[in-house]
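*Asks:* Sequence and predicted structure are below.
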Amino acid sequence: MMISRKSNFNGKENRMKIVFLSYLHGFGGAEKQNIMLANAMVNRGHDVTLISICVDNNCYQLDRCIEYQFLPDRKTNILRLITRYKDIKKKLIEINPDVTVSFWFQSAYLTALMRKNITGKIVYSERSDPGDKEYNGMLGWIRRLTLPRIDGFVFQSKGAQRYFSKSVQLRSVVIPNPVFVRTEDFQEVKERKKKIVTVGRLHPQKNQKLLIEAFSLIADQIPEYTLEIYGDGELKGELQRQIMELQLGSRVFLKGTCKKIHELIYDASLFVLSSDYEGIPNTLLEAMALGIPCVSTDCRPGGARELITDGEDGIIVPVGDKTALANAINWSLNHKEDITKKAKKAIEHMKYFRADTIYSKWENFLRLL
């Protein structure tokens, strides 16, 4: 079927027709940033459609001017991917977008296999670790095959960008996530509560197991402190068993998910990110903006290190090193004046991540494709 493409943004309003292809699994960083970007683009006058594939679990507020569509899986076997491809293609033919944006690689490579007069320009935003072992097999072969057909790439960190070839780098831009929280929106913290907090899916990537192990190493040295883990996921039962085996049932708590998470954590003594890999860690970004002292692993491909200057506005420790993590937590809780100074510097640093600035970079990149 031949489709005649027409430009939607050559007029006075410079208006684009943008489609976001998504997998809305719930309270996830990629999901949140996808929704926020879609909201920002529709607020800037563009026509925006958001399509969720196979899952329909949006936990974030979607602007009512966005056209939302859900494409459920019609097959559960090997034909599932083929039917996803056909359903996405059918919707894109109906919409006739100028730009199709994906935060997930599967939707990016599926659209890369279609004709450009169906998809418009294709943009893929890498949100995780491009060097993950899952790309060693068939997925790596698919990536090598389809990346040349993608028009633009958005990376969250320079480390992620450097992973790819010069050809990809020349079609790319580094745009970190925006931060929406401000310390002035919360009561001034005169004395922080004796709790350590973390936020993230209960998933091997986030490695809350490491954090619990690190906490157990110093629990006797910080008897007044508790550890609160916010999030839900597949490892909930395993983590609960670990807590019980370490006899930390009265000190470590799995708190589940909450939409008003900032109100629950802003007065904590310390925020800890224990991930093995991240893009730009949203929860770390928000914790720093809230003024919570922060410790993070040096998770690949380097997003945390682009937020924290080690020793200046937070502390960075090696990935997977429970002793180093325990020592950093212990030091932070016993050097309150020093860690408070670091947190104040972090607040200033977060001003570079204001939403208007970040979304202007996105808008300009999409227009210049």
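*Replies:* Arrived safely.

*Asks:* Show the contacting residues for I308.
*Replies:* Counting by C-beta atoms under 8 Å, 6 or more residues apart in numbering, I308 touches 284, 288, 294, 296, 314-316, 346. Every residue, glycine included, has its C-beta placed from N, CA and C.

*Asks:* Please report how far it lies from I51.
*Replies:* Counting by C-beta to C-beta, to the nearest Å, the separation of I308 from I51 is 35 Å.

*Asks:* that older thread, can I have the buried ones of the contacts of I308 as a PyMOL selection?
*Replies:* Buried residues within the contacts of I308, by 16 or more other C-beta atoms under 10 Å, are selected in PyMOL with:
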select buried, resi 284+288+294+296+314+315+316+346
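
*Asks:* and of the contacts of I308, the nearest to G256?
*Replies:* Nearest to G256, judged by C-beta to C-beta, of the contacts of I308 is L284 at 20.0 Å.

*Asks:* what kind of secondary structure is the closest one in?
*Replies:* helix (DSSP: H, G, I helix; E, B strand; the rest coil).

*Asks:* Contacts only, for it.
*Replies:* Residues in contact with L284, defined by C-beta under 8 Å, 6+ apart, are 271, 273, 278, 294, 296, 304, 307-308.

*Asks:* One more pass at 10 Å, please.
*Replies:* 198-200, 271-273, 275, 278, 292, 294-296, 299, 303-304, 307-308, 314, 346 (C-beta atoms under 10 Å, 6 or more residues apart in numbering).

*Asks:* ok, and the closest non-adjacent residue to it?
*Replies:* Leaving aside its chain neighbours, L284 sits nearest to L273 (4.8 Å; criterion: C-beta to C-beta, 6 or more residues apart in numbering).

*Asks:* What residues are bridge-paired with the one you found?
*Replies:* Beta-bridge partners for L273, by DSSP bridges, are S296.

*Asks:* ok, it - contacts?
*Replies:* Counting by C-beta under 10 Å, 6+ apart, L273 makes contact with 198-200, 206-207, 211, 281, 283-284, 287, 294-297, 299, 304, 307-308, 314, 316.

*Asks:* now swap in T297 and tell me
*Replies:* Contacts here follow C-beta under 10 Å, 6+ apart; on that basis T297 touches 207, 210-211, 272-278, 281, 304-305, 316-321, 324-325, 328.

*Asks:* out of these, which are buried?
*Replies:* Among the contacts of T297, the ones that count as buried by 16+ other C-beta under 10 Å are 207, 210-211, 272-278, 281, 304-305, 316-317, 319, 324-325, 328.

*Asks:* quick one: low-confidence ranges for the protein?
*Replies:* Scanning the chain for pLDDT under 70 picks out 1-13.

*Asks:* at 80 what do you get?
*Replies:* Residue ranges of the chain with pLDDT under 80: 1-13, 128, 131-135, 182-183, 279.
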